[in-house]
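Need coordinates for the following:
(one chain, ligands or ions: 2)
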Amino acid sequence: MNKRAEDRVFIFDTSLRDGEQAPGCSMTLREKLRVAAALRELKVDVIEAGFPAASPGDFDAVQAIAGEIDGPIICGLARCNPTDIERVWNAVRSADRHRIHVFVATSEIHREHKLQMAKEEIIKSAVSAVEMAKAHCDDVEFSPEDASRTELAYLADVVTAVIEAGATTVNIPDTVGYTVPDEFAELFRYLKQHVPGIDDIVLSVHCHDDLGMAVANSLAAVGAGARQIECTINGIGERAGNCSLEEVVMALKTRAEFFGVGTGIDTRKLYPTSRLVASITGMHIPRNKAVVGENAFAHEAGIHQHGMLKNAATYEIMLPEDVGISQSNLVLGKHSGRHAFRERVRQLGFELDDDELNRAFTDFKSLADRKKELFDADLEAIIMNTGTGIQGPWQLDELNITAGTGKIAAAAVRLSHADGQTISEASVGDGPVEAAFKAIERAAGVSADLKNFEVRSVTVGEDAQGEVTVTVEYNGQSYRGHGISTDIVEAGARAYLEVINRICRRQETGADRAAEKQQSIAGI
Ligand code: KIV
Ligand code: ZN
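Ligands and ions are numbered 1, 2, ... in the order given. Have a look, this model is predicted:
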């Protein structure tokens, strides 16, 4: 066990770096700040805010998070070269607590086919990167990428060398999600035995979920001495994703007597944070997902319900309120005032500033006019939309649809622009949704290629709100937008307009940052 952290596992969240790197998960700077603020409320120990050398957009986001988010250590990722390390340092230096994370691949397949570097060259490069980072900041993390497929003796040599060079955290990644729990625990025990000084640093674990074992492998590493877990909200990340933060944290909490180590996470913030990330990225949470899925605490079978009524512990190993799922699901209606609304928002775990609260309250009132009862899920959907969909420049003022069996669907829209102009347009289409999308495209003067259209019901009942997520391609980039309404054509139109707005904003900044980023990180 590490001397520095006998009874504590540090939670290192990489949703904004490894998570954001996943296709379709890219976030705007404002969205990243929102997620970072939620991670601070969740009390994660480290936020890996991005990969500053990947693009100017990544640099700006890491710098903004370092400047605004206090509490957690703010970390940036760098390859083992001076330019990357300088970029990270310049991005994180304004944070009260900062970390530089450097990495290089060590496995034979990466050495030969990606890097074309010999074992000794890699050790040299790792050592000089740690020394360079150390010249800026005391807190330096090193990762041997693809560690789980690296020869054990060589891995021990690399880890020994970077500890001598000053690394304070050494992270062992299962980059391709290849390992299994027993084997991975063995690897950690081997390092503990063969690396001098390993008890003076924090040993960390970073698992991918290609075989569905990221959480199990991370827990096995903790059992063998790891004291930092790298993970993401909802397990978002490259390919099948990373270790899911909510699952690994609740496993440590629920089985505390087995693991004997806890985290500093405020678990009541898990559910709202999970919903926030799902809403921003558009990566919906499966109903049966552990810990935060809608069915995680639902009991359908009669025999289970009978047991639950006598004693909840018969079928529930965690309390829903411990992960931030409200028990009461209190219903608000159109007569509920601002005070009750604010209280409920707070109970649901959201911190809104006055402006956000006012906008959310206006949306709440207009929904309450159309819907008899508003459930927590309705409120959550409103809050998510308030935070992510109000940036303009275009706003939907009016939408009229004509459709019916055997009739040509037609839509008329009126959009207003932040510069004051108002444009009305109409179009026909194969159905009401297509007609609405075409009318919006004409009004905004932007035409995109629709790739995906998903609808889900936010709550149950006839007047339930529908949430629509659309994904489009424009100039080779993927954009995603969400909209909610009790009318799914309107929800679709709002989602499409959000996408158009994202395209317009990107055009205004003049930088196609996602493209730059792809180019810059190709080959990592
Ligand atoms: O999966 C991986 O190996 C990584 C490293 C950069 C830590 O993400
Ligand atoms: Zn990774």
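
residue contacts, Thr168?
Residues counted as contacts of Thr168 (CB atoms under 8 Å, 6 or more residues apart in numbering) are Asp138, Asp139, Val140, Glu141, Ile201, Val202. Backbone N, C-alpha and C define where each C-beta goes, glycine included.

buried ones in stretch 370-378?
Within stretch 370-378, the residues that count as buried by 16 or more other CB atoms under 10 Å are Lys371, Leu374, Phe375, Asp376, Ala377, Asp378.

from the residues you listed, which is closest to ligand 1?
Distances from ligand 1 to the buried residues of stretch 370-378, taken as CB to the nearest ligand atom, are shortest for Ala377 (33.1 Å).

and the closest one, helix, strand or coil?
helix (DSSP: H, G, I helix; E, B strand; the rest coil).

That one reaches Thr459, doesn't it?
Yes: the pair Ala377 / Thr459 is scored as a contact, 4.7 Å apart, by CB atoms under 8 Å.

Any stretches of the stretch 401-524 of the chain with poor pLDDT?
460, 509-524 (pLDDT under 70).

Could you do the chain as well?
Residues of the chain meeting the criterion pLDDT under 70: 1-6, 299-306, 308-309, 327-331, 349, 385-391, 460, 509-524.

For it, which segments count as strands?
With DSSP state E as the definition, the chain shows strands at residue ranges 10-13, 46-50, 73-79, 98-105, 140-145, 169-174, 202-207, 228-231, 394-402, 409-417, 422-429, 449-457, 466-474, 477-485.

Walk me through the domains of this structure.
10-281, 324-388, 394-509 (automatic domain parsing).

How far off centre is the last one?
The chain centroid and the centroid of domain 394-509 are separated by 25 Å under CA atoms, centre = their mean, to the nearest Å.

residues in the chain within reach of ligand 1, list them.
Within the chain, the residues that sit near ligand 1 (CB under 6 Å from any ligand atom) are Asp18, Phe103, Ser143, Glu145, Asn171, Pro173, Thr175, His206, His208.

mind listing what the last one touches?
His208 makes contact with 173-177, 214, 237-243, according to CB under 8 Å, 6+ apart.

and the residues you listed, which are buried?
Using 16+ other CB under 10 Å as the burial test, those include Pro173, Asp174, Thr175, Val176, Gly177, Ala214, Gly237, Glu238, Gly241, Asn242, Cys243 as buried.

Now do the same contact list for the closest residue in space to Gln228 that isn't next to it in sequence.
Distances taken as CB to CB, 6 or more residues apart in numbering put Ser204 closest to Gln228, at 3.6 Å, once the chain neighbours are dropped. Taking CB under 8 Å, 6+ apart, we find Ser204 in contact with Phe10, Phe12, Glu141, Thr169, Val170, Asn171, Ile172, Ala226, Arg227, Gln228, Ile229, Glu230.

Now do the top helix by length along the chain: which elements does it pack against?
Taking DSSP state H as the criterion, the chain has its longest helix at helix 488-509. If you count contacts as 3 or more CB pairs under 8 Å, 6 or more residues apart in numbering; DSSP states H and E, helix 488-509 packs onto strand 394-402, strand 409-417, helix 432-444, strand 449-457, strand 466-474, strand 477-485.

need those in TSV with mean neighbour count, can you?
Shown next, in TSV, are the helices and strands packed on helix 488-509 (neighbours: other CB atoms under 10 Å):
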stretch	mean neighbour count
strand 394-402	16
strand 409-417	20
helix 432-444	23
strand 449-457	13
strand 466-474	21
strand 477-485	22
